[in-house]
Structure formats: structure tokens, C-alpha cells
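J.: pasting a predicted model and its sequence here:
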Amino acid sequence: MHRPGPVLAVVVLQIFGSLLVSGIAAMIFLGALTATGGELAAHGESRTMLFGVAAFAAAVVVWGVVTGLGLLWMRTWALISTLIFSFLLLGTGLGVLAMDLLPLAPAAPASAAAAVHVVDTFLGLMCTGLAIWWIAYFVRPHSQAAFFTTRRDGAPPRVPISIAVIAWFLLGGGVLSVLFTPLLGAHASFALGMHPLRGHAAQSALIAAGAISMIVGLGLVELRSWARVAAMVWVVLWLINSVLAWLKPAALTDVLGARALSMPPLALMISLGIAACLAQLYFLWTRQAAFEQPGALSAGTGGGGQESTEAALPAGEDPQRAAQVRGAEVRPGDTQE
């Protein structure tokens, strides 16, 4: 099995980065165990929320290690996972650079402010640079073709890579929202357009949004036509929410409270959200042909799927034998560009 040099470099960086994050997760977990009630109250945090953050960091560690091993074996799903992680890493890097524009507390010594500036700039540039490198490399058709050789037929998978990235991004975000939102308790907050939500209202909104994202993501993985339409509508709603936050950021800053960002960092974060929505709309619109494939149509016909398949078979061919051959050629979960 041929493994390109850049892929091996990404594997090393992913596993090494996962080990670093595991140390952060351990420190957060120990801090949650040893912190007193007064210390937690002074920082506006709860023990449950810190445990949730530690669990989230641990999940990122598992994701990074598993994806790295998948890349080592040149699996298509690992390519998709890496692209998703790359876009998140790009947002993180740009966010850190934006935060670096914020002034520190007036009481902070000049030496400490300079040190924080250097560290934030280094981390932001490193994350942004790695993300751009990974995205630029893995979106190339030549780079993706190397992963298709591990398939039995050597052909590109059925689901376009771009659609698979969107689908698993929605699925992953939905699962995290449903699982971790209850841990936030009264600290849950959400900006719905120009109206800030907190507490139980914010929890309900975040869990409902997560459930919708999971359903739409599953539909996209199966190339259901309704899922493409639903995903476009869902992305448009998030786009409108981002535009409203751009026009009137007071609701977002009210939700963030003490963590509120001043402009331009807040404008940069909102701009990233708008850009992500526009990119998803582009791929959902231009990849319509993938949802019109015979396999996608028969999958979406419910009880009529078998009838559609049999009608497409040559005369005299056994439908059961043809289905077995197709099942051997295409493995579940494979995806394409």
C-alpha cells in the first residue's frame, strides 16, 4: 500500500496533537476535581461544566488518534474526517488570532501581555497554517485518488467528498450538541437572531438544533433528495441567523456576557460563520447530480426500491444475484467526490 509522504506527515501531526490535547483534558479534569466551590463561583463555572469540557477534549483525542490511524491505512472515511477537522482547525486558528487583538486587563504587567501576545500569535498562525496546508492537499483530485485505490473496485465512492464532509459535520455537531448541552445547565446560552436565550430555553434550542442536524446529516449520507433540500434550508436559516448577528451583535455579546468579544474579533467570527454557510450552499447546489443517481433514487423510494432495481436489470438476470454482486462491489459507508 503506497502512502504519500504528506499523508504520513499529517498522521504524525494528528497523533502528536492528540497527545497534547489529552494533557489538556487531564488538567481540566483534575482542576474540576480539586477546585473549591468558591473558586468555581469566582470564575462563573460549575464542576459539571468542567467535566463536560474535559469529556469533550477527550473525545477530540479519540477522534484525532482514530483519524490518524485511518489515514495510515489510507481509508476514505479518514480523508473526510481530516477535512472536517481541517476546517475546524482553520476556524480555531483565526479565532485565536482574533482574540489576540483584544487588550488584556489593565492590571496585567507589560511583560505578561507581551508573552501572551507571542504565544497566541504562534498558536493562531500554526493552526491556520496547518489547516490551509491540509485543506489544499486533501481537496486535490490526485490526493483523493490515492485513497480510492484501497477500495475493492478502485473507483471513487458513491457520495461526493464535499457532501460527505457536510453530512458528517452536521452529524458530529448534532451529536455533540445533544450530548453536551445538558451539562451546561444554567450556563447554556444561544443567540437566536437578535434575541438572546439562556438557561432552559437555550438548552431546548440547542438540543433541537442538534437533533435536526443529525437527521439531515444521516439523510445526506444516504443521498436522499429530501435531505439535500432540508440541508439547504437549514443552512439558509443559520446564514440568516449569522447575518442578523452581524447587523446587531448586541444579542450575541449579551449571550457571551463576560466572554464577549469586541469588534473586529466578533466581526471576524461572524464572517467565518457566514463563509461556512455559503460554502455549504455552493456544494449542496452544485452536487445535485449525485442525488439523482439510480442508487440514490432507489434508496429513497421506500417500498418501491426493489421494483426500480429489478426494472433496470438486463433481461434474464437474477435480481438476487445482481444485488449480491453490487453489495460486493460497494461497501457501506464509502464516499466519493
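T.: All right, it came through fine.

J.: which strand or helix spans Gly174?
T.: Using DSSP states H and E, Gly174 sits in helix 161-184.

J.: helices of the stretch 51-200 of the chain, start to end?
T.: Using DSSP state H, counting those that start in this stretch, the helices of the stretch 51-200 of the chain run over residues 76-99, 110-138, 141-148, 161-184, 199-221.

J.: same for the helix or strand hosting Ala9, what does it pack against?
T.: Here Ala9, judged by DSSP H and E, is contained in helix 5-34. Counting contacts by 3 or more C-beta pairs under 8 Å, 6 or more residues apart in numbering; DSSP states H and E, helix 5-34 packs against helix 47-72, helix 76-99, helix 110-138. All C-beta spots, glycine's among them, are computed from the backbone N, C-alpha and C.

J.: can I get the ones you listed in CSV including mean neighbour count, mean pLDDT and distance to Arg224?
T.: Formatted as CSV, these follow (neighbours: other C-beta atoms under 10 Å; pLDDT from 0 to 100; distance: least, C-beta to C-beta, whole Å):
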stretch, mean neighbour count, mean pLDDT, distance to Arg224
helix 47-72, 18, 86, 26
helix 76-99, 20, 86, 18
helix 110-138, 15, 84, 26
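
J.: now the ones you listed as JSON lines including distance to Gly173?
T.: Output for those, formatted as JSON lines (distance: least, C-beta to C-beta, whole Å):
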{"stretch": "helix 47-72", "distance to Gly173": "12"}
{"stretch": "helix 76-99", "distance to Gly173": "10"}
{"stretch": "helix 110-138", "distance to Gly173": "18"}
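
J.: so which of these gets nearest Gly273?
T.: Across these, Gly273 has its closest neighbour in helix 76-99 (8.7 Å, C-beta to C-beta).

J.: who's in contact with Ser177?
T.: Taking C-beta atoms under 8 Å, 6 or more residues apart in numbering as the criterion, Ser177 is in contact with Leu206, Ile207, Ala209, Gly210, Ser213.

J.: got a pLDDT number for it?
T.: pLDDT, Ser177: 87.

J.: what does the one 5 residues further on give?
T.: pLDDT, Pro182: 83.

J.: same deal with the one 4 residues further on?
T.: As summarised for this prediction, Ala186 has a pLDDT of 70.

J.: run a quick neighbour tally on the residue nearest to it when sequence neighbours are not counted.
T.: Spatial nearest neighbour of Ala186, excluding adjacent residues (C-beta to C-beta, 6 or more residues apart in numbering): Gly199 at 5.3 Å. For Gly199, the neighbour count with other C-beta atoms under 10 Å is 13.

J.: ok, Gly199 to Leu184 distance?
T.: 9 Å (C-beta to C-beta, to the nearest Å).

J.: try Ala209
T.: 14 Å.

J.: Thr181 contacts Leu206, doesn't it?
T.: Yes. Look at Thr181 against Leu206 with C-beta atoms under 8 Å: they come within range, at 4.4 Å.
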